[in-house]
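>>> requesting a structural model of the entry that follows:
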Amino acid sequence: MATVYAIEYTVKNSKGEVVDSNKGQAPLEFIAGKGQIIPGLEKEVEKMEVGEEKTIVVPAKEAYGERNEALIEKLPRSQFEGIELQKGMTLYGQSPDGQVIAVTVKDFDDKEVTIDYNHPLAGEDLTFDVKLVSKREATPQEALTGQIGTQGQCESGNCNNCGH
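Numbers count the residues shown, from 1 in each chain. Alright, predicted model coming up:
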């Protein structure tokens, strides 16, 4: 059966800078085995007991992967008309199969824009300070859909009919 975990965390990059945290906010909930968080973190959280706090170092290959220089591309500036470009900004687009993709603007001039399809944390070993807040069995609906807390929200019983 699928398990729902709820965690509090702070994550630091390889330079020790905090890049994200949910401390003092609602816990992050995820269903194990659904690819909802990075694999290296999920694997270690599954070994924890409720209430346990742990520092987990996740190597880049089990986080957002190694940097891939082939994912850096130069495109004509004309494709970015109407966008006030800044180095380091994130732009969102759509892949040919309809998936939302994020790219980082690495550089630009009057003719070209250099964009990076790598995740901003690719190539980084990440350090998580994690507390396992709760752990429970997923409901059949959660296990089926991968969405947490969806049971009882659809009057029709078929979430496709109501947009959930």
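
>>> so what's E49 closest to, chain neighbours aside?
Nearest non-adjacent residue to E49, counting by Cβ to Cβ, 6 or more residues apart in numbering: L132, 6.7 Å away. For every residue, glycine as well, the C-beta is placed using N, CA and C.

>>> hang on, that neighbour packs against M48?
Yes - L132 is within contact range of M48, at 4.3 Å (criterion: Cβ atoms under 8 Å).

>>> pLDDT value on the spatially most central residue of the chain, please?
Closest to where the C-alpha atoms of the chain average out (Cα atoms, centre = their mean) is I37, at 6.1 Å. You'll see I37 listed with a pLDDT of 95.

>>> show me the beta-bridge partners of the nearest residue to it once chain neighbours are set aside.
In this structure, I37 finds its nearest non-sequential neighbour in F30, 5.1 Å apart by Cβ to Cβ, 6+ apart. Beta-bridge partners recorded for F30 (DSSP bridges): Y5.

>>> kindly provide the distance from F30 to N13.
With the distance defined as Cβ to Cβ, to the nearest Å, F30 ends up 21 Å from N13.

>>> ok, K47 next?
Computed as Cβ to Cβ, the K47 to N13 distance reads 24 Å.

>>> just checking, the residue nearest to I37 touches E42?
Yes - contact criterion Cβ under 8 Å: F30 and E42 qualify, at 7.3 Å.

>>> overlap of the contact sets of the two?
Common neighbours of F30 and E42, counting by Cβ atoms under 8 Å, 6 or more residues apart in numbering, are Q36.

>>> how is this protein partitioned into domains?
The record's domain parsing of the chain by automatic domain parsing lists 3-64+124-162, 69-116.

>>> hey, which of those is tucked in deepest?
Mean neighbour count (mean count of other Cβ atoms under 10 Å) peaks for domain 3-64+124-162 among those, with a mean of 15.
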